[in-house]
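>>> need a structure here:
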Amino acid sequence: HCKKIRNDGGFWQQVEEYISKHTEALFSHGICPQCIPLVFPEFQKAAPAQAPTNVPDASSSSDTGVRKPPQQKILVVDDSPSNIHTLIHFLRLDYKMLVATSGPVALEIASREQPDLILLDAVMPDMDGHEVCRRLKANPLTQEIPIIFVTGKSEEADEMEGFELGAVDYIAKPFSLPVVHQRIRTHLELKRYRDQLARQSNLDSLTGIPNRRRFQEFMELMW
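From the prediction side, this is the model:
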């Protein structure tokens with residue numbers, strides 16, 4: 001019932017996400033209201049009694065025709081399935097969740113999907129979280145993505161190392177899910193404001209097209 005398939009890159013991906021990227025099909029729902037009580041009984045109260053037919057999806061537009069901002073994406077990087085399950089189970093209703101269980105996979109997903117926030121475990125085999133963070137900050141495509149370390153290492157020196165590498169926050173395990181949710185919400189709100197300011201600073205106010213500053217930044221990135 002998780003509806004995941006392995007994509008061309010060897011990573012597990014939701015069926016509807018894969019199809020929407022390879023066809024013109026658009027999805028308004030990931031699960032129908034009749035199946036929610038059977039598969040996810042804890043979210044039954046949050047589901048509508050019935051799905052309207054021939055009505056635009058409420059998540060994408062309003063009565064005025066103004067499209068709402070897309071759902072923000074969070075990448076969870078952890079080698080522990082229990083930690084991943086706990087975070088996804090708690091956050092999936094509010095955010096689009098991406099998962100990586102190793103450093104190399106996390107780097108590939110972050111470059112391809114451009115998540116709005118990364119929850120990164122500091123202790124992982126092969127490539128630890130600090131090295132992942134270092135490489136993310138060295139990549140122009142991912143260096144602006146805020147990173148929150150979620151780890152059992154709670155010494156002051158460990159926290160300072162994380163901040164020096166560019167992390168925006170540090171959450172020690174075992175963590176409180178409501179506290180994690182509030183911190184995530186705060187950093188995603190800051191990310192949204194930064195992105196909005198960046199877009200405004202790179203657009204010509206008269207024509208609405210990218211200005212010379214954006215042209216030079218893009219040329220440098222491509223070069």
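
>>> Give the full set of residues in contact with the closest residue to Asn7 other than its chain neighbours.
Take Asn7 and drop its neighbours on the chain: the residue closest to it by CB to CB, 6 or more residues apart in numbering is Gln13, 4.7 Å away. Heads up, the C-betas are built off the backbone N, CA and C, glycines and all. By CB atoms under 8 Å, 6 or more residues apart in numbering, the contact set of Gln13 is Lys4, Ile5, Arg6, Asn7.

>>> Can you classify Gln13 by secondary structure?
The local conformation at Gln13, judged by DSSP: H, G, I helix; E, B strand; the rest coil, is strand.

>>> re earlier: the contacts of Gln13 in strands, which ones?
Counting by DSSP state E, the contacts of Gln13 place Lys4, Ile5, Arg6 in strands.

>>> Which one of those residues is nearest to Arg194?
Lowest distance from Arg194 to the ones in strands among the contacts of Gln13 (CB to CB) belongs to Lys4, with 31.8 Å.

>>> May I have the beta-bridge partners of the nearest residue to that closest one once chain neighbours are set aside?
The shortest distance from Lys4 to any non-neighbouring residue, by CB to CB, 6+ apart, is to Trp12 (4.6 Å). Here Trp12 sits in beta bridges with Arg6, going by DSSP bridges.

>>> didn't Trp12 look like it was pressed against Met97?
No. Under the criterion of CB atoms under 8 Å, Trp12 makes no contact with Met97, lying 12.0 Å away.

>>> quick one, which of these two is more surrounded?
Met97 (21 against 12; other CB atoms under 10 Å).

>>> quick one: contacts for the residue nearest to Lys4?
Neighbouring residues of Trp12 by CB under 8 Å, 6+ apart: Lys4, Ile5, Arg6, Val99.
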